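Participant: here are the coordinates; sequence isn't available:
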Ligand code: AMP
């Protein structure tokens, strides 16, 4: 039997309910904040990612699915969305219509990482990107949006870690000091860090190797080297978040794995899926648009790991204890009346039509189609099985009502509609069952 390839998976109908509910909740929130959806291709020229994400990052060095097409062009399955959204922004001169563009996109990404719980080779992200705003209010607003989304999904324990990486003015002095520090720790650093020292020393700061972590405990922090403008920017982000009651932790090790970030970076971390991992991350990338050939434009965005988010939400719904931060755990505090929970309510048939006899099957098919078109969720059965066995099937499907259409009922022009909960019965004539059913179900 042919199976999915390693790190790729199916998301089955029973799980998709959560995915759809998250997607609806996120889209509504984005649109309320003035974001517009954009859909970008799954494949791009390799150069786009190499230039934006950074040649020395794990993604570009080891994880991209890259192959030549028939003409020899190097193509890559997108490992993230920002580069493509920036490419689209430049290609369509989007800044011309309004200098501020707020965009979101939801879709699959591809990275050849080692698969484990919460880590796949095809995974999904919910992305938001804002172009054309330098003000720190937009940095705060993106973190506020993440916070609000998690709250709406019942995950109010998830908190943002934030940091500032400085800008092209203040970063070089910091890098020099960091390099000096790293030189003194060389014998304790892993191979990766030694390599990164040359190309992008900042990235040694988020190395996960315990020995490196220990060696880098007292490494200089970007926060002590910010220029006045970056310092003010970060202060406003923090002040505004505090005023809006968005909890956060300043985390000087948060440098993110991609090269293009500057100033504010943030991540939402959790241990709900085993080892600590990020559910979302983002930051400012003020130099990226120009770097990719566009006009000098401010940029900032985030990506939420959809697979991880769906897994955490599923754990919460199932009432499992979910450890959301190091050391603390919480059980579900779901408000069963919330809009999100309403989106999760199972979609059961409004009506299951039970036809008994050949003639009845044809009519049942006709009525079912008409009811489906009228927006009433209706199922029927073409097998010709007995009343008893079809009642069982209706029960299994959790149908709210059954409509019994035997030859006798059709002959008498009196179909029986039974409410499965209250056991109330109504008679329906065969001439215009859709209208009668709409009235009975209060759908008109
Ligand atoms: P990044 O673009 O690496 O900052 O990733 C943003 C978010 O996407 C992360 O916080 C994760 O939640 C999610 N993510 C990244 N890589 C994977 C993966 N291989 N499998 C599942 N989720 C991922």
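Facilitator: Received, thanks. Worth saying up front: this structure is predicted, and the values here are computed from it rather than measured. Residues are numbered from 1 along each chain as shown.
Participant: what residues does the stretch 301-444 of the chain have near the ligand?
Facilitator: Applying C-beta under 6 Å from any ligand atom, we find that the stretch 301-444 of the chain lies next to the ligand at 303, 305, 307-308. For the C-beta atoms, the positions are set from N, CA and C on the backbone; glycine is no exception.
Participant: quick check: closest non-adjacent residue to residue 62.
Facilitator: Closest residue in space to residue 62, ignoring its immediate chain neighbours: residue 112 at 7.0 Å, by C-beta to C-beta, 6 or more residues apart in numbering.
Participant: surely the one you found touches residue 6?
Facilitator: No: counting by C-beta atoms under 8 Å, residue 112 sits too far from residue 6 to count as a contact (9.6 Å).
Participant: tell me which of those two has more neighbours.
Facilitator: More neighbours surround residue 112 than the other of residue 112 and residue 6, with 16 against 11 (other C-beta atoms under 10 Å).
Participant: check the more buried one and give its pLDDT.
Facilitator: Residue 112 is assigned a predicted lDDT (pLDDT) of 96.
Participant: before we move on, what about the one 10 residues further on?
Facilitator: In this model, residue 122 is scored at 98, pLDDT.
Participant: dump the residue contacts of the residue nearest to it when sequence neighbours are not counted.
Facilitator: Spatial nearest neighbour of residue 122, excluding adjacent residues (C-beta to C-beta, 6+ apart): residue 8 at 4.8 Å. Applying C-beta atoms under 8 Å, 6 or more residues apart in numbering, we find residue 8 in contact with 120-122.
Participant: need those residues in JSON lines with neighbour count, can you?
Facilitator: Compiled in JSON lines, the contacts of residue 8 are given as follows (neighbours: other C-beta atoms under 10 Å):
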{"residue": "120", "neighbour count": "21"}
{"residue": "121", "neighbour count": "19"}
{"residue": "122", "neighbour count": "17"}
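Participant: filter those down to the ones close to the ligand.
Facilitator: The overlap between the contacts of residue 8 and the neighbours of the ligand (C-beta under 6 Å from any ligand atom) comes to residue 120.
Participant: return the subset of the contacts of residue 8 lying in strands.
Facilitator: Restricting the contacts of residue 8 to those inside strands, with DSSP state E as the criterion, leaves residue 122.
Participant: for the contacts of residue 8, which one is nearest the ligand?
Facilitator: Closest approach to the ligand among the contacts of residue 8 (C-beta to the nearest ligand atom): residue 120, at 4.4 Å.
Participant: didn't residue 368 look like it was pressed against residue 354?
Facilitator: No: here residue 368 does not reach residue 354: they are 11.3 Å apart, not a contact under C-beta under 8 Å.
Participant: shared neighbours of the two, which are they?
Facilitator: With contacts defined as C-beta under 8 Å, 6+ apart, the residues adjacent to both residue 368 and residue 354 are residue 380.
Participant: so for the two, which residue has more residues nearby?
Facilitator: For residue 368 and residue 354, the more surrounded residue by other C-beta under 10 Å is residue 354, and the numbers stand at 27 against 22.
Participant: what about whichever strand or helix holds residue 141 and the ligand, any contact?
Facilitator: When secondary structure is defined using DSSP states H and E, the element that contains residue 141 is helix 136-152. No: Helix 136-152 is not in contact with the ligand by C-beta under 6 Å from any ligand atom; minimum separation 10.9 Å.
Participant: identify all contacting residues around that helix.
Facilitator: With contact meaning C-beta under 8 Å, 6+ apart, helix 136-152 is reached by 25-26, 29-30, 33, 128, 130, 156, 158, 160, 162, 233-234, 236-237, 240-241, 244, 246-248, 263-264, 266, 268, 280, 282, 284, 300-302, 304, 338-340.
Participant: sort out which of those residues are in strands and list them.
Facilitator: 128, 130, 160, 162, 248, 263-264, 266, 268, 280, 282, 284, 300-302, 304.
Participant: ok, so of these, who is nearest the ligand?
Facilitator: Scanning the ones in strands among the contacts of helix 136-152 for proximity to the ligand, where the rule is C-beta to the nearest ligand atom, the winner is residue 280, at 5.2 Å.
Participant: returning to what we had before: now the two most distant members of the residues of the stretch 301-444 of the chain next to the ligand.
Facilitator: Within those, 303 and 307 form the most distant pair, 12.0 Å apart (C-beta to C-beta).
Participant: apart from its chain neighbours, what residue comes closest to the closest residue to the ligand within the stretch 101-250 of the chain?
Facilitator: Nearest residue of the stretch 101-250 of the chain to the ligand, counting by C-beta to the nearest ligand atom: residue 123, 3.4 Å away. Nearest residue to residue 123 in three dimensions, chain neighbours excluded: residue 307, at 4.9 Å (C-beta to C-beta, 6+ apart).
Participant: hang on, the earlier thing: give the ChimeraX command for selecting the buried subset of the contacts of helix 136-152.
Facilitator: Once 16 or more other C-beta atoms under 10 Å is used to decide burial, the buried members of the contacts of helix 136-152 can be selected in ChimeraX as follows:
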select :25,26,29,30,33,128,130,158,160,162,233,234,237,240,241,246,248,263,264,266,268,280,282,284,300,301,302,304,340
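Participant: ok, and for stretch 266-274, which residues are buried?
Facilitator: Of the residues in stretch 266-274, those buried (16+ other C-beta under 10 Å) are 266-273.
Participant: and the closest residue in space to residue 127 that isn't next to it in sequence, how many residues sit next to it?
Facilitator: Residue nearest to residue 127 in three dimensions, not counting chain neighbours: residue 81, with 4.2 Å by C-beta to C-beta, 6+ apart. When neighbours are defined as other C-beta under 10 Å, residue 81 has 24 of them.
Participant: for the residues of the stretch 301-444 of the chain next to the ligand, which one is nearest the ligand?
Facilitator: residue 305 (1.9 Å).
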